[in-house]
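K.L.:
Sequence and predicted structure are below.
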Amino acid sequence: MRLFFSFFLFAACLSAAPVDWIWSARYVIIMDPQRRVIEHGAVAIRGERIVAAGPQADIDRAYQPRQRLDRPDALIAPGLINTHTHAPMVLLRGIADDLRLQEWLEKYIFPAEARNVTPEFVRWGTRLACLEMLLSGTTTFTDMYYFEDVIAETAKECGMRGVLGDTVIGFPSPDAKTPADALRFTAKLLERFRNDPLITPAVALHAIYTNSDDTLQRARALANRYSAPLLIHLSETKRENDDIMAKRGKTPAAALDGLGVFNGRTLAAHAVWVDDADLKILRERHVGIAHCPSSNMKLASGAAPVEKMLALGLAVGLGTDGAAGSNNDLNLFEEMDLASKLQKLVTGDPQILPARQALEMATIRGSQALGMEKEIGSIEPAKRADLITVRLDRAHAVPLYDVYSQMVYALKGSDVRDVMVNGRAVVRDAQVLTLDAKQVIAKAEEFGRKVRDSLTAGGTAR
C-alpha cells in the first residue's frame, strides 16, 4: 500500500506542469473583469508571466514550482501603478511647503534644480524613489524629469517597471538648452529602450503654457512615430486655465485638441479644471488621466471631477506627483484612501468612488490609462508577473469583513511584505533585494546637505 501511494505521488508530480514560482495567500485579489477575490488562493508564475491564478488546491495540483512563497496571513494583489511622478525629486523632499504651485515652482523648485540636478543627482534620487515605491507596493511608475536615460537605467537596476519621458519645456533645463535639444534627447531614449521588458519610453511635454505650438506638435509626431505614449500636465490649476483662456479663447484641453496633441496615445496628469466639453474631448481621444489627490489638495489646486470621468468611461489612474512639496511621499496606499474620500467630500455623496473603484484606479484602471492593460494591472494568465503581498496580521488589519475596504481604508504601504516585478522577486519580508538601503539613505542625506547649501548661497532658503 505504501509503495502504491509513493508511486501515486510520483506520478502526480510528473503530470504537474513545471513553473518557477507559486505564491499563495489567504486572499488573491485578481482585478479581472469579474473582479474576483479568491480565498485561499495561489498564483503560478513561469519566467516573466503569470501562468494561472485560482484556489490554492487547484494550483498545487496543476503545477510543480521550483520555489514557493506561502503567506497565509496576507493577501496577494496586482502591483500598484503610479501614473504620475517625478522620481528624483525625492531629493528635494520638503524643500518648500505650503505654497501655491507657481510660487513653489518659480521661487524654489526651478532654482534648486538649476543648481543641483546632474546625472548623479538623478541616479541617487531615482534609487531613493524606487526604494520607497517598492517598499510600499508600487511596481510601475510613470515619470517625467531630466536625464531620463539615467532614470531608466536605475529603474532596471532596481527591478522596477517604468513609463519614462524626458521633460520637454520651453526654457533651458538641466539636460537640454532648448526644446529641440530635449526632443533629440527623447528620440535617443525612444530608440534605446524600444521593446525593453521593463522600460516603456515616452515623450513628456511639461504643459501647454511652457511650450510653443510647434514644440507641442513636434512632440506628438515623435510619439506617434515610435507608437509611444505622450505625457503632459493638463489643467492643474485655475490660473493655468484662466491664462490659456485669455490667450487663446479656449481651455487647455480644447487648445491641445485643436493642435492635434491628443491624436495618439496620451496620458494627462491632474485634469482638475476641466469642464464637460473638455471631458468629452478626453473621452473621444481616449486620453488616460493621472489623478493626483494628495498633490491637488496640498497645493490647493482643486478637486478633479473623477466621478464624472469614471461615469464617462475614461481610464483614470492614480499618481503621487513629485515628492518635493506637492506631496512629499510616493505612497499609493495614501492616494487610494484620499482619492475615495476627496470625491465623497466634494460631491457630498458617501457612495461615490467606493473602495473597490479606488483599488481599480491603482491597478487595472491605471494600466488602462497607460495603454498597458494587456500586460499589467491584474493577475491573469499571460500578463506580466507584477505582484505584491500585504500583511493582514497587524492590529489595524483585523477583523476583516471586506478585502477591498481593508486594502483602501485600513492597510498601509508599510504592510507590504513581498514584491515581484516581471517574475523577479525584488522585495522579501519588507527588505528590498535589489538595493543597498543603508547606502541609498546615506547618499540621500549627503545630497540633502548639498541642496541646502546651494539654496542658502542662492538666497532662496526658507
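P.N.:
The structure has been received and is ready for your questions.
K.L.:
shaky segments in this protein?
P.N.:
1-14, 458-462 (pLDDT under 70).
K.L.:
Give the other helices and strands that the longest helix along it contacts.
P.N.:
Assignment by DSSP state H gives helix 437-458 as the longest helix of the chain. If contacts are counted by 3 or more CB pairs under 8 Å, 6 or more residues apart in numbering; DSSP states H and E, helix 437-458 sits against helix 110-116, helix 119-135. Heads up, the C-betas are built off the backbone N, CA and C, glycines and all.
K.L.:
Tell me how far the first one lies from the chain's centre.
P.N.:
Shown here is helix 110-116, whose average C-alpha point lies 25 Å from the average C-alpha point of the whole chain (CA atoms, centre = their mean, to the nearest Å).
K.L.:
Same check on the last one?
P.N.:
In terms of CA atoms, centre = their mean, the gap separating the centre of helix 119-135 from the centre of its chain is 14 Å.
K.L.:
same check, this time on stretch 297-307
P.N.:
Put simply, stretch 297-307 sits 18 Å off its chain's centre (CA atoms, centre = their mean).
K.L.:
now swap in stretch 232-245 and tell me
P.N.:
Mean C-alpha position of stretch 232-245 versus that of the full chain (CA atoms, centre = their mean) differs by 23 Å.
K.L.:
can I have it written out in PDB, keeping just the CAs?
P.N.:
Output of stretch 232-245 as PDB, limited to C-alpha atoms (Å, rounded to 0.1, in the frame of the first residue of the first chain):
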ATOM      1  CA  ILE A 232       1.600  66.100 -20.300                       C
ATOM      2  CA  HIS A 233       0.300  68.100 -17.300                       C
ATOM      3  CA  LEU A 234      -3.200  69.400 -18.100                       C
ATOM      4  CA  SER A 235      -5.400  72.000 -16.400                       C
ATOM      5  CA  GLU A 236      -3.800  71.500 -13.000                       C
ATOM      6  CA  THR A 237      -4.700  75.000 -11.700                       C
ATOM      7  CA  LYS A 238      -7.300  77.600 -12.200                       C
ATOM      8  CA  ARG A 239      -4.600  80.100 -13.100                       C
ATOM      9  CA  GLU A 240      -3.400  77.900 -15.900                       C
ATOM     10  CA  ASN A 241      -7.000  77.700 -17.300                       C
ATOM     11  CA  ASP A 242      -7.600  81.400 -16.900                       C
ATOM     12  CA  ASP A 243      -4.300  82.300 -18.600                       C
ATOM     13  CA  ILE A 244      -4.900  79.900 -21.600                       C
ATOM     14  CA  MET A 245      -8.500  81.100 -22.000                       C
END
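K.L.:
The closest residue in space to residue 79 that isn't next to it in sequence - how many residues pack around it?
P.N.:
Spatial nearest neighbour of residue 79, excluding adjacent residues (CB to CB, 6 or more residues apart in numbering): residue 139 at 2.7 Å. Counted with other CB atoms under 10 Å, the neighbours of residue 139 add up to 27.
K.L.:
got the contact list for residue 375?
P.N.:
By CB atoms under 8 Å, 6 or more residues apart in numbering, residue 375 lies in contact with 367, 383-384.
K.L.:
repeat that for 10 Å
P.N.:
Residue 375 sits next to 48-49, 140, 161, 197, 200, 367, 382-384, 386, 422 when contact means CB atoms under 10 Å, 6 or more residues apart in numbering.
K.L.:
ok, now residue 304?
P.N.:
Residue 304 neighbours (CB under 10 Å, 6+ apart): 235-236, 270-274, 289-293, 296, 316, 339, 342-343, 346.
K.L.:
Which of the residues you listed are buried, as a PyMOL select command?
P.N.:
To isolate the buried members of the contacts of residue 304 in PyMOL, using 16 or more other CB atoms under 10 Å:
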select buried, resi 235+236+270+271+272+273+274+289+290+291+292+293+296+316+339+342+343
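K.L.:
Inside helices: which ones of the contacts of residue 304?
P.N.:
Mapping the contacts of residue 304 onto helices (DSSP H) picks out 293, 296, 339, 342-343, 346.
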